[in-house]
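>>> would you be able to build a 3D model of this:
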Amino acid sequence: MSNKKLAIIATKGTLDWGYPPFILSSTAAALGYEVQIFFTFYGLQLLKKNINVKVSPLGNPGMPMPMGMDKWFPVIGTAIPGMESIMTMMMKSKMKKKGVASLEELRSMCTELEVKMIACQMTVDLFDLKTSDFIDGLEYGGAATFFEFAGESDICLFI
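Residues are numbered from 1 along each chain as shown. This is a model prediction of the structure:
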């Protein structure tokens, strides 16, 4: 067992941005790291019992698109009603075909590997969220809670 520590701040609530905190933390935990993820603002969507996040090409010019669509689609495409839902369905389908685990599966793996997940109490209060909407086993705390661990971590990531 390693004595190394990984601290992650997860702030994004889209399908594509949901993967990095769970993949990195489950990998680190499997390698023996002690891991904590602090979920704040839109990152809290990843802690809901029912993860309902979409892919958002807006502001993501690096998203690969077929036939040169990457030049114009991220700006114009998001104005088309229902496009985010279609793109989300396509992304989930591609991930399934390629054998990529779902966000729920990765989150469960993190739980099994004893990754500590902290929900930002300030954000929960700010957005009038209900703790009953979130998975069990979370800790609720603020920035000070995160810094207690992050201040001694070997690696600290903001995602």
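>>> which residues touch Ile159?
8-12, 17, 20-21, 24, 43 (C-beta atoms under 8 Å, 6 or more residues apart in numbering). Yep, even glycine has a C-beta here, placed from its N, CA and C like the rest.
>>> need the strands for the chain, in chain order.
Using DSSP state E, the strands of the chain run over 5-10, 34-39, 116-120, 139-141, 155-158.
>>> please name the residues that touch Lys12.
Counting by C-beta under 8 Å, 6+ apart, Lys12 has contacts 18, 42-43, 159.
>>> sorry, back to before: which of the contacts of Ile159 are buried?
By neighbour count, with 16 or more other C-beta atoms under 10 Å, the contacts of Ile159 hold 8-12, 17, 21, 24, 43 as buried.
>>> for those residues, which one is nearest Met89?
Of all the buried ones among the contacts of Ile159, Met89 sits closest to Trp17, with 17.6 Å by C-beta to C-beta.
>>> look up how far Ala7 lies from that closest one.
From Trp17 across to Ala7, the span is 18 Å (C-beta to C-beta, to the nearest Å).
>>> also Phe134?
Counting by C-beta to C-beta - Phe134 and Ala7 are separated by 20 Å.
>>> for Pro21, same thing?
For Pro21, the distance to Ala7 - C-beta to C-beta - is 11 Å.
>>> before we move on, what about Phe22?
Separation of Phe22 from Ala7 (C-beta to C-beta) stands at 15 Å.
>>> do the same with Tyr42
From Tyr42 to Ala7 the distance is 19 Å (C-beta to C-beta).
>>> more crowded one of the two?
Neighbours were counted for Tyr42 and for Ala7 using other C-beta atoms under 10 Å; Ala7 has more, 24 against 17.
>>> spit out the contact partners of the residue sitting nearest the centre point of the chain.
Closest to where the C-alpha atoms of the chain average out (C-alpha atoms, centre = their mean) is Gly18, at 2.7 Å. Residues near Gly18 by C-beta under 8 Å, 6+ apart: 12, 45-46, 51, 53, 103.
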